[in-house]
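Undergrad: got a predicted structure plus its sequence, pasted below:
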Amino acid sequence: MEPVKEVAGRAIPFGRKNVDTDVIIPAHWLKTITRDGLGRGAFEALRQDPDNLFDSPEFKGSPILIAGDNFGCGSSREHAAWALLDLGITAVIAPSFSDIFSGNAFKNGILTVVLPQAAIDRLMEVAQTDPVTIDLESQTVTTPFQDRFSFEIDPFRKHCLLNGLDEVGLTLARGDAISDYENKSAGETPWLAKGVAA
């Protein structure tokens, strides 16, 4: 997982409320066993409109999505986070998120930022013409117009995102402690170590 310290650039001023995971990535895309290429299916129904934001020259490849309340509701498919990443989105700003989507996003290195609706409205306005910057270290979202919005984030999630640590990375980071424990355990209970080796 790549570390997330700052996400900056154009933000897609989407703003739609109650966007479920079936809108983010339709069910027929769930047959794949790889994450690659899921960006093609992201927001597929909405992208049928030739004037959609996701494919417009202004916003194509934008790293930030500004969404409405209850983003990521619906089924618990992790493919929704994979599709956003494959589309190039590494941060989503919204007034609220589905808990399951927020967890899946975090585990895949996507920063979810919760801000009040007034801040969302302002960011939607700025995003029409100018970039937005999210600084995870200072927990702020800023614009070139001196707007500054603070957000809360769980300290554990912040640590993992800043250091690019997924569940495997967290385990590997404790490699020395795990080895020490295994060596000590082998010395204290050699009969268990023999059973494992056999």
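TA: In hand now; what should we look at?

Undergrad: give me the contacts around stretch 71-78.
TA: The contact list for stretch 71-78 (C-beta atoms under 8 Å, 6 or more residues apart in numbering) reads 18-25, 30, 80, 92, 94, 96-98, 100-102, 104-105, 107-108. Just so you know, the C-beta spots here come from the backbone N, C-alpha and C atoms, and that holds for glycine as well.

Undergrad: before we move on, what about stretch 47-62?
TA: G9, R10, A11, I12, P13, F14, A42, F43, L46, L87, G88, I89.

Undergrad: if we can go back for a sec, just the buried ones among the contacts of stretch 71-78, please.
TA: Taking 16 or more other C-beta atoms under 10 Å as the criterion, what is buried in these is 19-25, 30, 80, 92, 94, 96-98, 100-102, 104-105, 108.

Undergrad: quick check: E2 touching N163?
TA: No. Using C-beta atoms under 8 Å, E2 makes no contact with N163, being 10.4 Å away.

Undergrad: more neighbours, these two?
TA: Neighbours around E2 and N163, counted as other C-beta atoms under 10 Å, are more numerous at N163. The numbers are 14 against 9.

Undergrad: correct me, but the more buried one touches P3?
TA: Yes. Between N163 and P3 there is a contact under C-beta under 8 Å: 5.9 Å.

Undergrad: between the two, which contacts overlap?
TA: Contact criterion C-beta under 8 Å, 6+ apart; residues shared by N163 and P3: none found.

Undergrad: element containing I178, please.
TA: Using DSSP states H and E, I178 maps to helix 175-188.

Undergrad: look up the pLDDT of the nearest residue to I100 once chain neighbours are set aside for me, please.
TA: Once flanking residues are discounted, I100 sits nearest to S76: 4.4 Å by C-beta to C-beta, 6 or more residues apart in numbering. Here, the pLDDT recorded for S76 equals 89.

Undergrad: relative to F14, how far out is S76?
TA: Remark: distance between S76 and F14 (C-beta to C-beta, to the nearest Å) = 21 Å.

Undergrad: and if you look at F156?
TA: Distance, F156 to F14, using C-beta to C-beta: 28 Å.

Undergrad: so for the two, which sits in the more crowded spot?
TA: Taking other C-beta under 10 Å, F156 and F14 do not tie; F14 has more neighbours (22 against 11).

Undergrad: residues contacting the more buried one?
TA: Here F14 is in contact with L53, L65, I66, A67, G68 (criterion: C-beta under 8 Å, 6+ apart).

Undergrad: what's the neighbour count on the fourth one?
TA: Look at A67: counted by other C-beta under 10 Å, it has 25 neighbours.

Undergrad: lovely, talk soon.
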